[in-house]
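Chemist: A structural model of the following input is requested.
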Amino acid sequence: MAKKKIIAGSAKATRRKSRKKASAIQARRKKEFLYRGFTMEELLSMSFDEVLGLLPSRARRTYLRGLNYEQQLLFDKLKTAEDTVRTHRKDIPIIPQFVGKKVSVYNGKEFKEFEIKPEMIGCFLGEFVMTRKAPQHSGPGVGATRSSKFMPLK
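Modeler: Alright, predicted model coming up:
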């Protein structure tokens with residue numbers, strides 16, 4: 001008598017497949033952004049002094065000491081801007097009122113444009129504009145390895 005093959009998998013495999021199917025059906029829910037335990041709506045409704053208390057120390061001290069004339073101009077422009085703001089100032093800390101604004105910051109060669117996202121709160125504008133390029137190395141030169149010592153020089 002020939003033995004019949006059992007096609008169905010084990011009970012454990014069946015449960016695993018059903019769990020996998022159930023998890024695939026659910027769409028990923030986007031996580032709500034929180035900055036130090038506060039939502040964006042709560043941050044926007046806070047007074048400027050309350051927001052300053054949440055910022056990291058370097059950003060907080062920048063505002064507490066007072067902005068210079070050029071920084072103050074950019075600060076006011078960013079709060080009311082509708083379109084892209086171009087600037088050379090990289091030393092302005094980002095606050096919740098700047099979220100959603102587009103900024104072009106000069107990196108020494110050209111203006112780099114980016115949109116301010118909630119995750120950038122507390123950082124400076126200059127942190128998102130690279131001023132140096134990564135080095136581009138070519139292949140190894142003569143004498144760089146033991147085998148390259150004996151290469152003909154033409």
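
Chemist: can you tell me how far Gly122 is from Gly108?
Modeler: Separation of Gly122 from Gly108 (CB to CB, to the nearest Å) stands at 24 Å. Yep, even glycine has a C-beta here, placed from its N, CA and C like the rest.

Chemist: surely Arg36 touches Leu54?
Modeler: Yes. The criterion here is CB atoms under 8 Å, and Arg36 meets it with Leu54 at 5.0 Å.

Chemist: between those two, who's got more neighbours?
Modeler: Taking neighbours as other CB atoms under 10 Å, Arg36 and Leu54 compare with Leu54 leading, 18 against 10.

Chemist: now the more buried one: how far from Pro93?
Modeler: 12 Å.

Chemist: what's the overlap in contacts for those two?
Modeler: In terms of CB atoms under 8 Å, 6 or more residues apart in numbering, Leu54 and Pro93 are both contacted by the residues Gly122.

Chemist: returning to that earlier point: so for Gly122 and Gly108, which sits in the more crowded spot?
Modeler: Between Gly122 and Gly108, counted using other CB under 10 Å, the more crowded position is Gly122 (18 against 9).
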